[in-house]
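[1] Okay, predicted coordinates and the sequence, questions at the end:
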Amino acid sequence: MATTTTKRLARVQAVPFTPSKRPLSVASSSSGVSTPRSSTPVNFPGTSSQPSSPKKIRSALSTESRIRGTASSMALKRAKTPTSLDVPSDGSRSRSTTPVPHSPNSLGAALESEMDVSRVDPESVLIDATNVCDDPDLSLDGEGNSNILDGLDLSDLGKGKDDKVLVSVRVRPSDKTSAWNVAAGNGTLSLLPGFTKGTSQPSSGKAQEFNYDAVHTGSANKPIYNSVARSHVCAAMEGYNTVIFAYGQTASGKTFTLSGTDEEPGIIPLALKDIFGYIRRTPSREYLLRCSYLEIYNEAIFDLLSPQSLTTKTQVQLSGTGDNVQLSPLREEVVTSLKSVREVLERGAANRRTACTDWNDRSSRSHSVFRVVIESRERGASFDDDSSGRRTPGCPPTPGGTRLQSRGGRSVQTSVLSLIDLAGSEKATSDRERTMEGRYINTSLLTLGSVIGTLAENAAKGKSDHVPFRNSKLTRMLQPSLSGNARISVICTVNPDANAVTETISTLLFAQRVKRVRLNAKKKEVVDTDALLQRYKKEIDDLKARLAEREAEAAAPVKSRRLSAKEQLDESRAMNDLNSRIRQLTKLILTSQTMDETRGDESRPASPSKLDFNLEPYQLQQELLTARRQLESQATQILSLEAALQLRPALPLDAPESEKDKLIAEQTKTIRELEIVVRGYEENLGEPLRQVREDVEKEWQDKVEEERRKRVETEAWSHELVRQLEKEKTARVKLDEQRSALAAFVTRFDALGLANATSIPQKLRQPLTQANSGLPPRRRRSYTLALSSVPEMESPGQSPSKNGPANNDEYREQPSLLEVEDMLCEDASGIMDCSLLGSPTGKGLMLQKEFGVPKAGLLGRGILQNKENVPLL
Ligand SMILES: Nc1ncnc2c1ncn2[C@@H]1O[C@H](COP(=O)(O)OP(=O)(O)OP(=O)(O)O)[C@@H](O)[C@H]1O
């Protein structure tokens with residue numbers, strides 16, 4: 001444990017006012033690792049701590065004369081009996097200028113605190129259900145066991161765009177004449193007719209009714225807490241930024257409502273108790289709680305936890321714009337128990353400026369903000385680097401101070417609960433210093449009013465008018481929350497006395513404006529992508545190994561594993577599940593890597609290894625989709641496992657051995673029976689299968705035979721065709737020869753002059769020559785005549801000139817008989833008209849048409865053929 005003075009010195013750093021933006025760079029922390037230290041027991045509302053002194057102490061303080069570590073000012077303030085009788089509301093001045101005496105213990109506590117975040121390894125100060133269980137403070141009043149979540153609708157916590165500010169009014173008790181008709185049950189207040197003078201309320205008839213989410217009376221703080229704060233504290237634990245503040249005129253009961261007394265602990269102690277209660281009932285997560293406490297006094301911010309502020313006047317600087325508001329230097333302290341929270345609260349309250357005013361003997365002269373940063377993540381799994389999931393031995397403090405790191409791919413959820421006690425609006429006082437404070441207070445409250453007014457107006461009319469956040473430190477600090485990213489609850493405290501009607505109406509009007517502001521709080525989560533990828537990869541490897549195992553099993557010989565149909569189904573389902581999970585994870589890895597690559601350095605969040613999903617709705621959707629698929633796959637796995645579970649024999653674990661043996665014997669018997677059934681099944685099924693196979697084989701054999709026969713026939717036919725073709729070819733050659741011989745013979749015949757005298761009439765000869773010359777070659781060979789007598793003539797090979805006339809021209813001019821034949825064919829319409837007839841002796845040719853030979857008459861041994869040389873007769 002570090003105890004040296006240097007180590008005790010507080011290290012402070014820039015702290016974002018809301019967790020939506022982490023500081024991009026933070027100072028390096030000390031290397032010392034500190035452990036939590038129990039603080040000196042001090043009084044705390046609702047706990048077993050020693051009762052506070054009922055002594056009433058008044059203080060008149062300035063910046064220089066701040067309370068220097070006295071016994072807790074909060075405790076002192078609580079010490080007042082909570083009755084209106086204590087409140088000097090009669091206008092008599094009861095101002096004290098006596099500084100509050102301070103106890104050395106308080107100063108010591110401030111200096112000795114070793115829970116400064118920059119000095120602590122966050123992993124060593126995590127709290128969870130286990131260590132919170134030991135906290136006696138949580139169960140002392142019997143309410144520690146009640147669940148903060150009782151009666152709360154969790155789906156209601158993140159209300160999205162429908163969320164409005166929860167606005168409640170608390171009317172403090174008074175023994176004076178009340179000017180108000182309070183209907184707490186209806187949440188309404190209305191000014192009684194006799195007290196409308198000087199107000200905008202109608203003097204006659206029914207006065208205006210003010211409506212709120214709740215109106216409370218009385219001195220009990222617990223019902224107020226349950227009504228106005230419990231659900232908001234729960235929302236903070238669920239990851240939403242939350243702001244609860246008290247607004248009202250001076251001495252109306254803001255501090256009483258927020259801090260309370262020993263007997264009536266207020267919202268702050270009750271909220272912290274619930275925070276620890278929540279942690280105790282959430283064993284699946286581990287938490288890191290950090291507190292800071294500051295005040296805004298005369299438009300300057302002071303750190304109420306910083307020991308430096310006791311000797312110097314170091315102010316906390318507000319920087320950043322818009323939602324990214326940062327406070328620096330601001331001390332944050334880790335709290336691990338209610339006791340440590342109490343210590344922090346009391347130390348801060350002791351440093352707060354209060355003074356005796358005309359209306360309140362311990363009036364808050366500043367706005368105070370107590371903040372709890374709640375970081376949480378899921379408890380570690382077995383694959384994390386630390387087996388417990390909580391502590392890494394020797395792990396140095398997180399660079400830049402205590403920040404819970406996303407480890408093993410577990411995302412870190414961060415939210416801030418801000419509890420704000422505003423200074424009260426007040427009339428001018430007779431004291432100069434108080435008057436100046438009052439002016440600052442009123443100015444900042446007025447700015448808050450106008451900011452709220454503009455926000456309400458913008459929300460109601462869908463406008464985006466400029467909101468004057470920068471006009472005061474208070475509004476600038478609250479900008480991220482008031483802009484919508486927080487759940488807000490406002491408690492407006494009012495004094496029902498007749499002499500406070502104007503202030504009460506002003507407070508009620510403020511409350512009405514706040515009611516119209518729209519919110520849209522979102523959760524903030526940061527995840528370490530690298531760790532997530534590693535986790536995915538490891539899971540993929542495991543799944544692949546399991547898949548390979550199963551596949552090997554499936555491939556094992558059938559005899560060694562006889563599975564029922566149900567088992568086979570389960571098996572295949574399980575393998576499908578494994579496969580789909582592997583695919584999913586692979587896709588996730590790809591998506592994450594793509595996201596990392598597509599993000600430029602500028603768009604990267606604070607740490608290069610962090611990925612802020614809030615900034616990328618598309619990626620969030622992808623994640624959501626994948627998560628849904630994963631859920632579906634897991635649902636299938638669950639079904640499959642449930643089915644397997646149902647199949648398991650029902651036998652309690654502690655059943656006697658004999659029972660187990662009996663069950664094993666039964667199971668063995670069932671297995672044997674099943675084997676017999678399976679064998680029989682195979683046999684029975686075998687015979688019909690063989691029959692079917694034979695039938696099919698026979699059918700196909702017949703078909704093959706038929707095909708084979710057809711092929712042989714086709715081959716024979718084609719051979720015959722080839723043979724015929726050859727024959728035809730030979731015949732054609734022969735015919736060509738005969739034709740040539742015939743042509744030679746005719747030429748010779750003509751040359752001898754026999755043609756003119758006997759066979760061809762002159763009238764035919766000339767036109768035939770002319771016509772034939774114009775015919776296409778194909779027409780000139782339409783028919784041929786095979787003459788058996790040709791051999792008897794002179795050799796066709798002999799030249800016509802051999803025995804014929806010497807004059808070749810003359811020879812050429814004479815139409816041959818074949819040409820005549822062609823011509824006749826052209827003219828002839830009848831089939832037989834174009835026939836050439838050979839004489840029986842082969843010595844001459846007669847034209848049937850010319851010589852009137854009857855068609856049927858066939859002379860000689862000539863064979864009549866058609867164009868294709870197929871014999872017609
Ligand atoms: N509901 C209540 N029941 C009993 N006593 C109350 C109640 N409200 C306020 N008081 C008492 O009235 C006195 C003034 O209250 P408190 O200090 O809380 O006012 P405040 O609004 O914080 O004033 P300031 O703005 O000046 O700080 C205290 O003594 C407190 O105990």
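    Arrived safely.

[2] so F745 sits in a helix?
    Yes - assessed with DSSP: H, G, I helix; E, B strand; the rest coil, F745 lies in a helix.

[3] So it versus the ligand, what's the distance?
    Relative to the ligand, F745 is positioned 151 Å away (CB to the nearest ligand atom, to the nearest Å). In this view, the C-beta of every residue, glycine as well, is placed from N, C-alpha and C.

[4] do the same with T668
    Per CB to the nearest ligand atom, T668 is found 78 Å from the ligand.

[5] Need the three-state assignment for that residue.
    Following three-state DSSP, T668 is assigned to helix.

[6] give me the number of residues near it?
    T668 has 10 neighbours, counted by other CB atoms under 10 Å.

[7] so who does it touch?
    Contact criterion CB atoms under 8 Å, 6 or more residues apart in numbering gives no residues in contact with T668.

[8] Please apply the same query to N579.
    Going by CB under 8 Å, 6+ apart, N579 touches L547.

[9] Can you tell me the closest non-neighbouring residue to the residue in the stretch 351-500 of the chain that the ligand sits nearest to?
    Nearest residue of the stretch 351-500 of the chain to the ligand: G424, at 2.5 Å (CB to the nearest ligand atom). Excluding its sequence neighbours, the residue lying closest to G424 (CB to CB, 6 or more residues apart in numbering) is T250, at 3.1 Å.

[10] so the one you found makes contact with S425?
    Yes - contact criterion CB atoms under 8 Å: T250 and S425 qualify, at 6.7 Å.

[11] Name the residue in these two with the higher neighbour count.
    When neighbours are counted by other CB under 10 Å, T250 and S425 differ, and T250 comes out ahead with 24 against 21.

[12] Can you tell me how far that one is from K222?
    25 Å (CB to CB, to the nearest Å).

[13] ok, and the helix or strand in this structure with the lowest average confidence?
    helix 5-8 (a mean of 33; mean pLDDT, DSSP states H and E).

[14] Stretch 367-379 near the ligand at all?
    No - counting by CB under 6 Å from any ligand atom, the ligand has no neighbours in stretch 367-379; the shortest distance is 9.6 Å.

[15] Please name the strands paired to the helix or strand R371 falls within in the sheet, noting orientation.
    When elements are assigned from DSSP states H and E, R371 belongs to strand 367-378. Applying DSSP bridges to the sheet, strand 367-378 is found paired with strand 285-297 (antiparallel), strand 412-421 (antiparallel).

[16] Adding mean pLDDT as columns, could you present these in TSV?
    Formatted as TSV, the strands paired with strand 367-378 follow (pLDDT from 0 to 100):
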stretch	mean pLDDT
strand 285-297	88
strand 412-421	88
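
[17] Near the ligand, which residues of the stretch 351-500 of the chain? Just list them.
    So the stretch 351-500 of the chain meets the ligand at N360, S363, S364, A423, G424, T493 (CB under 6 Å from any ligand atom).

[18] Out of these, which two sit at the greatest distance?
    Largest separation among those by CB to CB: S363 and T493, giving 13.3 Å.

[19] I'd like the strands paired with strand 367-378 written out as CSV, with distance to L482 and mean neighbour count added.
    Putting the strands paired with strand 367-378 into CSV (distance: least, CB to CB, whole Å; neighbours: other CB atoms under 10 Å) gives the following:
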stretch, distance to L482, mean neighbour count
strand 285-297, 15, 25
strand 412-421, 11, 25
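
[20] I'd like to know the phi and psi angles of V171, please.
    V171 adopts backbone torsions of phi -100, psi 120, taken as degrees, to the nearest 10.

[21] burial count for the residue of the stretch 351-500 of the chain closest to the ligand?
    29.

[22] now the strands for the stretch 351-500 of the chain?
    Secondary structure of the stretch 351-500 of the chain by DSSP state E, counting those that start in this stretch: the strands cover 354-355, 363-364, 367-378, 412-421, 487-494.

[23] tell me the pLDDT at the closest residue to E437 other than its chain neighbours?
    Counting by CB to CB, 6+ apart, E437 lies nearest to R365, which is 4.8 Å off, once chain neighbours are set aside. Note on R365: pLDDT of 75.

[24] next one: S146
    For S146, the model assigns a pLDDT of 51.

[25] quick one: secondary structure of K710?
    Classified using three-state DSSP, K710 is helix.

[26] What's the separation between it and the ligand?
    K710 is 113 Å from the ligand, by CB to the nearest ligand atom.

[27] Neighbours of that residue, how many?
    10.

[28] Ok, K544 next?
    Other residues close to K544 by other CB under 10 Å number 13.

[29] got any ranges where the stretch 101-250 of the chain has weak pLDDT?
    Along the stretch 101-250 of the chain, segments meeting pLDDT under 70 span 101-126, 129, 131-162, 197-207.

[30] Which parts of it are helices?
    Secondary structure of the stretch 101-250 of the chain (DSSP state H, counting those that start in this stretch): helices at 104-112, 129-133, 221-228, 230-237.

[31] what's the answer for the stretch 451-600 of the chain, then?
    Using DSSP H, counting those that start in this stretch, helices in the stretch 451-600 of the chain cover 473-482, 501-515, 529-554, 565-598.

[32] what do you get for the stretch 301-450 of the chain?
    Secondary structure of the stretch 301-450 of the chain by DSSP H, counting those that start in this stretch: the helices cover 308-311, 338-351, 432-461.

[33] Pick the most buried one from the ones you listed.
    Mean neighbour count (mean count of other CB atoms under 10 Å) peaks for helix 338-351 among the helices of the stretch 301-450 of the chain, with a mean of 26.
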